[in-house]
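Q: Next come a sequence and a model predicted from it.
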Amino acid sequence: QVQLVESGGGLVQAGGSLTLSCAASGRTFTNYTMGWFRQSPGKEREFTAAVNGRGDKVFYLDSVKGRFTISRYNADNTVYLQMKSLKSEDTAVYYCAARVDTGAVFYTQDRWYAYWGQGTQVTVSS
């Protein structure tokens, strides 16, 4: 089992920045690809970003490329999502997820992830 706990959500003005954190415990952190997903009211959960176990491959949703950065600090079992130039359409509950690492990062479907955090709310005011 892998336990995931997100933090760092909040209210921010459009154009602002926010960094989300996800602390993992329970298994060897580097054995897992980590992903961030988000879900807005009335919409399905959407892939946002992923990073492989070694942290040398990343993949992003097109609409967040250049604005969001996913990274991981394996010594602390933590993955981050740095968000800048936030837009109102980024408003969502953001979830951290984990799946067994294969070296690839193109895991964009939520059904491919076995472990999930409880989510953290990000609200961008315009």
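A: Nice, thanks for sending it over.
Q: hey, let's count contacts and neighbours off CA atoms from now on
A: Fine.
Q: tally of neighbours for Tyr94?
A: Neighbours of Tyr94 under the rule other Cα atoms under 10 Å: 27.
Q: That one: what secondary structure?
A: Per DSSP: H, G, I helix; E, B strand; the rest coil, the secondary structure class of Tyr94 is strand.
Q: Verify the stated contact: it with Gly117.
A: No. Tyr94 sits out of contact with Gly117 when judged by Cα atoms under 8 Å, with a separation of 9.1 Å.
Q: Could you measure from the one residue sitting closest to the centre of the chain over to Ser126?
A: Central residue of the chain (Cα atoms, centre = their mean): Trp36, 2.2 Å from the mean position. Relative to Ser126, Trp36 is positioned 23 Å away (Cα to Cα, to the nearest Å).
Q: so what's in contact with Tyr94 and Gly117 at the same time?
A: Here Tyr94 and Gly117 share no contacting residue, scored by Cα atoms under 8 Å, 6 or more residues apart in numbering.
Q: now stretch 31-42, how far from the chain's geometric center?
A: In terms of Cα atoms, centre = their mean, to the nearest Å, the centre of stretch 31-42 is set 5 Å apart from its chain centre.
Q: Residues touching whichever strand or helix holds Arg72, excluding its own?
A: Element membership of Arg72, judged by DSSP states H and E, is strand 68-73. Contacts to strand 68-73, defined as Cα under 8 Å, 6+ apart, come from residues Ala49, Ala50, Val51, Gly55, Val58, Thr78, Val79, Tyr80, Leu81, Gln82, Met83, Lys84.
Q: Quick check: buried residues in stretch 43-57?
A: For stretch 43-57, a neighbour-count test (16 or more other Cα atoms under 10 Å) marks Arg45, Glu46, Phe47, Thr48, Ala49, Ala50, Val51, Asn52, Gly53, Arg54, Gly55, Lys57 as buried.
Q: what two of those residues are the furthest from one another?
A: Taking Cα to Cα, the two most distant members of the buried residues of stretch 43-57 are Arg45 and Arg54; they sit 25.6 Å apart.
Q: other SSEs contacting the helix or strand harbouring Thr123?
A: Using DSSP H and E, Thr123 sits in strand 120-125. On a contact count with 3 or more Cα pairs under 8 Å, 6 or more residues apart in numbering; DSSP states H and E, strand 120-125 meets strand 10-13, strand 92-100.
Q: Fine, thanks again, bye for now.
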